[in-house]
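S.K.: What follows is a predicted protein model with its sequence.
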Amino acid sequence: MKTKAPKNLDKHKKNNTSRGVGVIIGGSGLIGGALVYYFKNRVAEVEVLAPNSKRLSLAKPEDIRLYFQQYRPDFIVNAAIASINSTAELAFNINYSGALNLAEIAIEYNIPYIHVSSAATMPAGENLTENDRLPLHADLSNYAKSKIMAELSLEHLAKTRGLDYTVLRLAIVYGKHDYKIQGFHRLLYSVADQAMPVLLTKKGVKHSYSNVRKVAPFVHHLLKNRPEFTGQTYNFADPEPVALGHLVLTIKGLMTLKIPHPLYLPLAFAKVGKKIIFWLVDKLIRVGIEARMPGEIQFLESFYESQTLAVEKLQDSSFQDNFPDETIYSMLPGLIEYYITRWENLNLVHTFNKEFYDSEKQRISEFKTNPEKLLTTLHSEQDKSVKPSE
């Protein structure tokens, strides 16, 4: 049973007795923002709150307690993630302590807790299942250590204190409205900025990708079907993995760029470049210039190793993906148009010939060469405009 509501219950709750209330942590990020948008626009029976870090600090249990006493939500979704190149203190406080502080509140109020995790908790390999997790040790990155520890502690709390939780392990996430330029969008930016003269990978390396637009409907579904999903971890990714080299060259082709050249840089040479960047950043810091290693460089080896996630458990669940044909490749033209326009407005990249993402030109070309594929795409777009994403 939920704890008794305090006498000074906020007017917010009194005026919304017919609606449930959910708290989404990390609502300003790519994943959290998609969740907030979905629930505000698609789920009339639920009101979501998305407090920022000034309103609710994950590192301060008292902040969390006071906030929950005021609003008494019916569920928590934790999409707050410290960046992959965070300090040990920040990674520990947000990715681990923050996750555990939220779990404690979920236990106290007897409400579901949805935790967004990462494939960084998993080893390299193909067709990895939910049971495949890296052993915890000191040599892991701060990001990986904190995310693994959070998963292990949530499992412990479920066994010992009855925590009702579900973990979503995301692969490389793609989608619009990523303001931090990280993950897949860092790759897209590197190609657009022509900062990648050759391919930083090797032939045959594949990775899984997660469509951010599909995360919120899944969260909504598992909240409505707790008996099936409680205490479970799910790999949430597109069924088909993607060859990194082919993806980069596809982006290059869509943008009509001259580089990167279709040459694969051996890992040994890439590591030399990584050391040079470390040396340069260290020298800049020593002379008082603020500098930081690109977070993705810390995971350079992963560019040369496949990591693909098995999604059979997700597919065997009651959740139905209404847009199974929507992939990183089908989304590329729209993503390029969105991000290049944004980065040009911020003077982050040079002006491009807009024809490379002119969807009308692409459709006319497909009309001439592949009308069957064009018709399928058009039907899919029509379905999206009328079909609910649940």
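M.R.: Nice, I can see it. Numbering: from 1, shown residues only.

S.K.: host element of residue 166?
M.R.: strand 165-170 (DSSP states H and E).

S.K.: Going along the chain, name the helices of the stretch 201-350 of the chain.
M.R.: 212-224, 226-229, 244-254, 267-286, 312-315, 328-345 (DSSP state H, counting those that start in this stretch).

S.K.: Just the mean pLDDT for the strand holding residue 166, thanks.
M.R.: Averaged across strand 165-170, the pLDDT comes to 96.

S.K.: ditto for stretch 316-329
M.R.: Here the average pLDDT along stretch 316-329 is 91.

S.K.: picking that back up, I'd like to check the angle between the strand holding residue 166 and helix 212-224, please.
M.R.: Angle of strand 165-170 versus helix 212-224, following axes from the mean of the first three to the mean of the last three CA atoms, to 10 degrees, is 170 degrees.

S.K.: So which bits of whichever helix or strand comes after strand 165-170 are buried?
M.R.: Per DSSP H and E, the first helix or strand lying C-terminal to strand 165-170 is strand 172-174. In terms of neighbour count (16 or more other CB atoms under 10 Å), strand 172-174 has its buried residues at 172, 173, 174. (Glycine included, C-beta is placed from N, CA and C.)

S.K.: how about low-confidence regions in the stretch 101-250 of the chain?
M.R.: Low-confidence segments of the stretch 101-250 of the chain, defined by pLDDT under 70: 181.

S.K.: how about the strands of it, start to end?
M.R.: Assigned by DSSP state E, counting those that start in this stretch, the strands in the stretch 101-250 of the chain fall at 113-118, 125-128, 165-170, 172-174, 206-207, 209-211, 232-236, 242-243.

S.K.: How about residues contacting the last one?
M.R.: Residues outside strand 242-243 that contact it (CB atoms under 8 Å, 6 or more residues apart in numbering) are 204, 205, 206, 207, 208, 209, 327, 328, 329.

S.K.: ok, what's across the strand from residue 49?
M.R.: Applying DSSP bridges to residue 49 gives these bridge partners: residue 23.

S.K.: pretty sure it is touching residue 24, no?
M.R.: Yes - in terms of CB atoms under 8 Å, residue 49 counts as a neighbour of residue 24; the distance is 7.2 Å.

S.K.: Those two: which is more packed in?
M.R.: Between residue 49 and residue 24, counted using other CB atoms under 10 Å, the more crowded position is residue 24 (29 against 18).

S.K.: check contacts around the more buried one.
M.R.: Contacts of residue 24 (CB under 8 Å, 6+ apart): 32, 35, 36, 39, 48, 49, 50, 77, 79.

S.K.: Now rank these by neighbours and give me the top one.
M.R.: residue 77 (32 neighbours).

S.K.: In terms of helix, strand or coil, where does that residue fall?
M.R.: Under DSSP: H, G, I helix; E, B strand; the rest coil, residue 77 falls in the strand class.

S.K.: coming back round to it: just give me the closest of the buried residues of strand 172-174 to residue 153.
M.R.: residue 173 (23.4 Å; CB to CB).

S.K.: what's the closest non-adjacent residue to that closest one?
M.R.: Spatial nearest neighbour of residue 173, chain neighbours left out: residue 210 (4.9 Å); criterion: CB to CB, 6 or more residues apart in numbering.

S.K.: That neighbour and residue 170 touch, don't they?
M.R.: Yes - the criterion here is CB under 8 Å, and residue 210 meets it with residue 170 at 4.3 Å.

S.K.: which neighbours do these two share?
M.R.: 236, 237.

S.K.: So residue 202 versus residue 247, what's the distance?
M.R.: 14 Å (CB to CB, to the nearest Å).

S.K.: of the two, who's got more company?
M.R.: Using other CB under 10 Å as the criterion, residue 202 and residue 247 rank with residue 247 on top: 22 against 17.

S.K.: which residues touch the closest residue to the more buried one other than its chain neighbours?
M.R.: In this structure, residue 247 finds its nearest non-sequential neighbour in residue 328, 6.9 Å apart by CB to CB, 6+ apart. If you count contacts by CB under 8 Å, 6+ apart, residue 328 has them with 174, 184, 209, 211, 238, 242, 247.

S.K.: now do residue 380
M.R.: 323, 325, 326, 330.

S.K.: before we move on, what about residue 75?
M.R.: With CB under 8 Å, 6+ apart, residue 75 has these contacts: 20, 22, 23, 111, 112, 113, 114, 223.

S.K.: The first one: neighbouring residues, count only.
M.R.: In other words, residue 20. 15.

S.K.: next one: the third one
M.R.: Burial measure for residue 23: 24 neighbouring residues, criterion other CB under 10 Å.

S.K.: Test for you: state the pLDDT assigned to it.
M.R.: pLDDT, read off for residue 23, is 91.

S.K.: That one against residue 72, yeah?
M.R.: No - here residue 23 does not reach residue 72: they are 9.9 Å apart, not a contact under CB under 8 Å.

S.K.: ends of stretch 231-244, how far apart?
M.R.: 33 Å (CA to CA, to the nearest Å).

S.K.: swap in stretch 190-206?
M.R.: 19 Å.

S.K.: what's the spacing between residue 42 and residue 210?
M.R.: Plainly put, residue 42 is 19 Å away from residue 210 if you go by CB to CB.

S.K.: quick one: which of these two has more around it?
M.R.: When neighbours are counted by other CB under 10 Å, residue 42 and residue 210 differ, and residue 210 comes out ahead with 26 against 14.
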